[in-house]
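> Here's my sequence, what's the structure:
(2 chains)
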Amino acid sequence: MNFKRYGRPAVIAVAAALALSSCAANETSGPASSGDSAESGTLSGTINGAGSSAQSAAQEAWIAAFQTSNPNVTINYDPTGSGAGRETFIGGGSDFAGSDSFLKDEELAGSFESCAPDAKAVDLPVYISPIAVIFNLDGVEELNLDATTLAKIFKGDITTWNDPAIAALNEKAALPDTAITAVHRSDDSGTTKNFTDYLNQNAAEVWTEEPGDPFPYQSGEGAQGTSGVVDAVSNGVGTIGYADASRAGDLGVAKIKVGDTFVEYTAEAAAAVVEDSPLVEGRDAKDRAIALDRKTTDATHYPLVLVSYALVCTEYADPAKAELVKAYVGYMVSAEGQAEAAKFAGAAPMTTGLQDQVQEVLASVK
Amino acid sequence: MTTTVARSAIRAKQRPGDRIFTTATVVAGSLILAVLAAVALFLVAQSIPAFLAQPDDFKGEATNFWSYVWPFAFGTLWSAFLALIMAVPLAIGIALFISHYAPRKLAQGLGYVIDLLAAVPSVVFGLWGIGVLAPLIQPFYTTLVEWFGWFPLFAGPVSGTGRTILTVSVVLAVMVLPIITAICREVFLQTPVLHEEAALALGATRWEMITMAVLPFGRPGIISASMLGLGRALGETMAVAMILSPSPQVVFQLLTSQNSSTIAANIALNFPEAHGVGINILLGTGLVLFIITLAVNMLARFIINRRKAFSGAN
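So this is what the prediction gives:
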């Protein structure tokens, strides 16, 4: 009867651990955002979101902070992936969606089950993350690359570090004849999509494949997830890879060529390119889908960046949901929300101009 | 005086305990069949859309389901095969050492340690693989490609991180080692002592005794142990997904960055972001893995049953 003797304390211990840890999840954000909006304390209800896994760390931080200041609100976010998130939202299974790409035209042509009849959804940028090109090469601290060279490296056309194409961009560096191992994501990822979009737009003659979540070529080396890529690059010899900039750590980060200068990523440069990029044409006036200007020549821009959206209805079938979504998404794009995302997810805070634009759209949501 | 005895079969008395126990065992026995049938049914039903999927639905260059699943099926069998080549001889060696060579105290301790290895979760093996083994073994791979690159399996270009199918196979070998060793040890210990003593009495050395008495007796056990190990290697997911640098093509080379992935690892990597027909396609590959594993196990049963008559186990 050992089980009986030890079973009961064990159950209590497990229950206590669960109870304590769930408290802790709410408290991580500490003294978060009480002065955000005076009326927010009176909100109550539940909203569900699903989608982008790139946003999941930020969503966790936002939810914790928002629920602390609005104790009667429950927000669930399921990081199922952007495609699945959009599908769930369109089918009415969630009240908002997180997505690394904006709604496609054919998706907009259909109806949205959680919205009021005839109402459509709009794309609102909420999360910006610069993508860093990381490398690990003995004796080389700094590296300059342009899009064409980067495309050739990841496509497998350039195979050694002392290739003339790389040497021409890095006259000061002593490049060894080590073989290049280019590491890409082996799972589907919005990071890959944005990285390949950059290469496709800037080096179309080399990178002929359309951007997409899976890595398009059978070259280089695959690794699982951002951690997998960072791990492979740090443990390997002569490796190069791409990952969310916040995860670059001590690894070397390549500067990429914008116009005539080589630009290192910074949160400001990433946010700047997003703000200065035009909106996607031919959409609803409220839609804030951004046609990222990857070919920018402005040296204050860092065009290798991922923008993730929140998809919300212009008018909800249930006004109570509309209130909650407005308050929550409004918090995400507030200065505090962006600071929270920067702290916990390593995002680049959106510029105030862009924040205001999104807030303006949110104000009109019914 | 003739007594007429009723010619009815004598029925054993059934106490409640008997009935309950009988029912319980029948339920347990049929439950496992029901679960297996439910899994099979689920896989078949879910994978039908995958067989009808359009070429656009597949990732990469695959145009239909079979061309999509083929490299993964190959990778699954190839990595498991490599793992078994490494694990089986080693496991037999360890088992023989424990059963016939080691002093009793050491043998017991060693047995426990081997069993402990089976308790290590595969995620931990995966972390060990990418964190320790791959960087450690990479320079060796470089040398191997430099000197033996002419041998097709070792052809370059060498992977710069060591996350190749050979590394995966080494990790898989370590993972299947405990189960193969444990069964082999049990079987070797059951060798009739008379056979062993007879061999020794006829002047055989210990090595000759083992080849003449122990190994022939243990052969079906070795085969079934290997097949159990193979089953684990075929289905191993986490360690492969974490370590291997995958590529959707059939690759025999052991040391390059492009390696055929396994079905289980491919599902684990792509399921989180899959939607629509993509999910059905992944489940379809799961069905293929299910069939491969089933076939391997049936083959093993067949071999064991055929060999039993000659093995001396009877």
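> Phi first, then psi, for A:Ala121.
phi -100, psi 160 (degrees, to the nearest 10).
> right, and it touches A:Phe112 too?
Yes - with contact defined as Cβ atoms under 8 Å, A:Ala121 reaches A:Phe112; the gap is 5.1 Å. Backbone N, C-alpha and C define where each C-beta goes, glycine included.
> Return every residue with contacts to both of the two.
A:89-90, A:313 (Cβ atoms under 8 Å, 6 or more residues apart in numbering or on different chains).
> Which single one of those residues is nearest to B:Arg232?
In terms of Cβ to Cβ, no member of the shared contacts of A:Ala121 and A:Phe112 lies closer to B:Arg232 than A:Phe89, at 40.2 Å.
> Pipe the shared contacts of A:Ala121 and A:Phe112 into JSON lines and attach secondary structure, pLDDT and neighbour count per row.
Formatted as JSON lines, the shared contacts of A:Ala121 and A:Phe112 follow (DSSP: H, G, I helix; E, B strand; the rest coil; pLDDT from 0 to 100; neighbours: other Cβ atoms under 10 Å in any protein chain shown):
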{"residue": "A:Phe89", "secondary structure": "helix", "pLDDT": "91", "neighbour count": "29"}
{"residue": "A:Ile90", "secondary structure": "helix", "pLDDT": "90", "neighbour count": "21"}
{"residue": "A:Cys313", "secondary structure": "strand", "pLDDT": "92", "neighbour count": "24"}
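> which residue ranges form the strands in the stretch 201-314 of chain B?
Remark: strands assigned in the stretch 201-314 of chain B by DSSP state E, counting those that start in this stretch are B:246-247, B:259-260.
> Kindly apply the preceding question to chain A instead.
For chain A, applying DSSP state E gives strands covering A:45-51, A:73-78, A:96-99, A:121-136, A:144-145, A:181-185, A:221-223, A:239-244, A:252-253, A:255-258, A:261-263, A:305-313.
> Would you reformat those as JSON lines and include distance to chain B?
Below are these laid out as JSON lines (distance: least, Cβ to the nearest Cβ, whole Å):
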{"stretch": "strand A:45-51", "distance to chain B": "10"}
{"stretch": "strand A:73-78", "distance to chain B": "11"}
{"stretch": "strand A:96-99", "distance to chain B": "12"}
{"stretch": "strand A:121-136", "distance to chain B": "9"}
{"stretch": "strand A:144-145", "distance to chain B": "18"}
{"stretch": "strand A:181-185", "distance to chain B": "3"}
{"stretch": "strand A:221-223", "distance to chain B": "4"}
{"stretch": "strand A:239-244", "distance to chain B": "5"}
{"stretch": "strand A:252-253", "distance to chain B": "15"}
{"stretch": "strand A:255-258", "distance to chain B": "22"}
{"stretch": "strand A:261-263", "distance to chain B": "24"}
{"stretch": "strand A:305-313", "distance to chain B": "14"}
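> Out of the ones you listed, which gets nearest to B:Ala239?
strand A:221-223 (14.0 Å).
> quick revisit: deepest-packed of the strands of the stretch 201-314 of chain B, please.
strand B:259-260 (a mean of 28; mean count of other Cβ atoms under 10 Å in any protein chain shown).
> Direction included, what does that strand pair up with?
Strand B:259-260 has its sheet partners listed here by DSSP bridges as strand B:246-247 (parallel).
> Output the strands of the stretch 201-314 of chain B in JSON lines; the columns should cover mean pLDDT.
Output for these, formatted as JSON lines (pLDDT from 0 to 100):
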{"stretch": "strand B:246-247", "mean pLDDT": "86"}
{"stretch": "strand B:259-260", "mean pLDDT": "90"}
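> Give the bridge partners for the residue nearest to A:Gly93 when sequence neighbours are not counted, please.
Leaving out its chain neighbours, the residue that sits closest to A:Gly93 by Cβ to Cβ, 6 or more residues apart in numbering or on different chains is A:Ala50, at 7.2 Å. A:Ala50 forms beta bridges with A:Asp78, A:Ala97, as assigned by DSSP bridges.
> I'd like to know how many residues surround A:Ala50.
Residues contacting A:Ala50 under the criterion other Cβ atoms under 10 Å in any protein chain shown number 24.
> residue contacts, it?
By Cβ under 8 Å, 6+ apart, the neighbours of A:Ala50 are A:77-80, A:84-85, A:88-89, A:93-94, A:97-98.
> make it 10 Å
Shown in contact with A:Ala50 (Cβ atoms under 10 Å, 6 or more residues apart in numbering or on different chains): A:76-82, A:84-89, A:93-99.
> do B:Thr161 as well
So B:Thr161 contacts A:136, A:181, A:183, A:221, A:223, A:231-239, A:241, B:130, B:134-135, B:138, B:141, B:167, B:243, B:245, B:257 (Cβ under 10 Å, 6+ apart).
> is it true that it lies in a helix?
No - looking at B:Thr161 with DSSP: H, G, I helix; E, B strand; the rest coil, it is coil, so not inside a helix.
> Measure how buried residue 112 is and give me the count.
As the question left the chain open, I've gone with chain A. Applying other Cβ under 10 Å, we find 25 residues neighbouring A:Phe112.
> ah, no, chain B please
Neighbours around B:Tyr112, by other Cβ under 10 Å: 9.
> For chain A, what's its nearest residue on chain B.
With Cβ to the nearest Cβ as the measure, B:Gly160 is the residue of chain B nearest to chain A, at 3.0 Å.
> Would you check that my belief about that residue contacting A:Asp138 is correct?
No - with contacts counted by Cβ atoms under 10 Å, B:Gly160 stays clear of A:Asp138, the gap being 11.8 Å.
> Give the intersection of the neighbour lists for these two.
With Cβ under 10 Å, 6+ apart, B:Gly160 and A:Asp138 have common neighbours A:178, A:237-238.
> out of these, which touch chain B?
A:178, A:237-238 (Cβ under 10 Å from any Cβ of the partner chain).
> Go through stretch A:144-159 and flag the buried ones.
Going by neighbour count (16 or more other Cβ atoms under 10 Å in any protein chain shown), the buried part of stretch A:144-159 is A:144-156, A:158.
> Repeat that for stretch B:106-119.
B:107, B:110-111, B:114.
> out of these, who's nearest A:Ala327?
Using Cβ to Cβ, the buried residues of stretch B:106-119 come closest to A:Ala327 at B:Ile114, 58.6 Å.
> Pretty sure the closest one sits against B:Val176.
No - applying Cβ under 10 Å, one finds B:Ile114 not in contact with B:Val176, separated by 11.8 Å.
> what's the overlap in contacts for these two?
Common neighbours of B:Ile114 and B:Val176, using Cβ under 10 Å, 6+ apart, are B:Ala91.
> Output stretch B:89-99 in PDB with nothing but the alpha carbons.
Taking C-alpha atoms only, stretch B:89-99 is exported to PDB below (Å, rounded to 0.1, in the frame of the first residue of the first chain):
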ATOM      1  CA  PRO B  89      27.000  -6.400 -32.600                       C
ATOM      2  CA  LEU B  90      27.700  -4.100 -29.600                       C
ATOM      3  CA  ALA B  91      24.600  -5.300 -27.800                       C
ATOM      4  CA  ILE B  92      25.500  -9.000 -28.300                       C
ATOM      5  CA  GLY B  93      29.000  -8.200 -27.000                       C
ATOM      6  CA  ILE B  94      27.600  -6.500 -23.900                       C
ATOM      7  CA  ALA B  95      25.100  -9.300 -23.300                       C
ATOM      8  CA  LEU B  96      27.800 -12.000 -23.600                       C
ATOM      9  CA  PHE B  97      30.100 -10.100 -21.300                       C
ATOM     10  CA  ILE B  98      27.300  -9.800 -18.700                       C
ATOM     11  CA  SER B  99      26.100 -13.400 -19.000                       C
END
